[in-house]
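> generate a structure from the sequence data that follows.
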Amino acid sequence: AIMNSYNKHINGFAAMLEEEEASEIAQNPNVVFVCLSKEHKFFTTRSWDFLGLGKNGRIPANSTWRKARFGENAIIANIDTGRLNYRFNI
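The predicted model follows:
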């Protein structure tokens, strides 16, 4: 089952697949990369303060967070592992 689809910065999707299904998709010449998702834990507790998103557990009227509609339709970051896992047909 497809969980998410992406089309703003990259074209792709996240899905719950059996290993055989993922392998079959990876064999498609139009597919650049297939990988197993891993859970990552964030190591920060100060982002809200640093970004000025709230004060004392409340969101001020002039908060950047409020002005940005609480991040609606915003991509905050892309995680770059530094590895290139592309398959090219030349």
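
> what about the closest residue in space to A26 that isn't next to it in sequence, how many residues nearby?
Nearest residue to A26 in three dimensions, chain neighbours excluded: V34, at 4.0 Å (C-beta to C-beta, 6 or more residues apart in numbering). (C-beta placed from N, C-alpha, C; glycine too.) Residues lying near V34 (other C-beta atoms under 10 Å) number 18.

> Q27 is in contact with V34, correct?
No. With contacts counted by C-beta atoms under 8 Å, V34 stays clear of Q27, the gap being 9.2 Å.

> all strands in the protein, in order from the N-terminus.
Counting by DSSP state E, the segments of the chain that form strands are 2-6, 12-15.

> neighbouring contacts of the last one?
Yep, that's strand 12-15 we're talking about. The contact list for strand 12-15 (C-beta atoms under 8 Å, 6 or more residues apart in numbering) reads A1, I2, M3, N4, S5, Y6, S37.

> related to what we said a few turns ago, just the pLDDT at the residue nearest to A26, thanks.
As predicted, V34 sits at a pLDDT of 90.

> for it, what are its contacts?
Applying C-beta under 8 Å, 6+ apart to V34 gives the contacts A22, I25, A26.

> out of the residues you listed, which comes closest to K41?
Of all those, K41 sits closest to A22, with 24.2 Å by C-beta to C-beta.

> quick check: the closest one vs Y6, distance?
Counting by C-beta to C-beta, to the nearest Å, the separation of A22 from Y6 is 17 Å.

> quick one on the thing from earlier: could you say which of the strands of the chain is packed most deeply?
Highest mean neighbour count of the strands of the chain: strand 12-15, a mean of 13 (counted as mean count of other C-beta atoms under 10 Å).

> please save the CA atoms from it in CSV.
Taking Å, rounded to 0.1, in the frame of the first residue of the first chain, the C-alpha atoms of strand 12-15 are listed here in CSV:
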residue,chain,number,x,y,z
GLY,A,12,8.7,9.1,-5.6
PHE,A,13,6.6,7.3,-3.1
ALA,A,14,6.7,5.5,0.2
ALA,A,15,5.0,2.2,0.5
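
> mind listing what that strand pairs with, with the direction of each?
Strands adjacent to strand 12-15 in the sheet, as given by DSSP bridges, are strand 2-6 (antiparallel).
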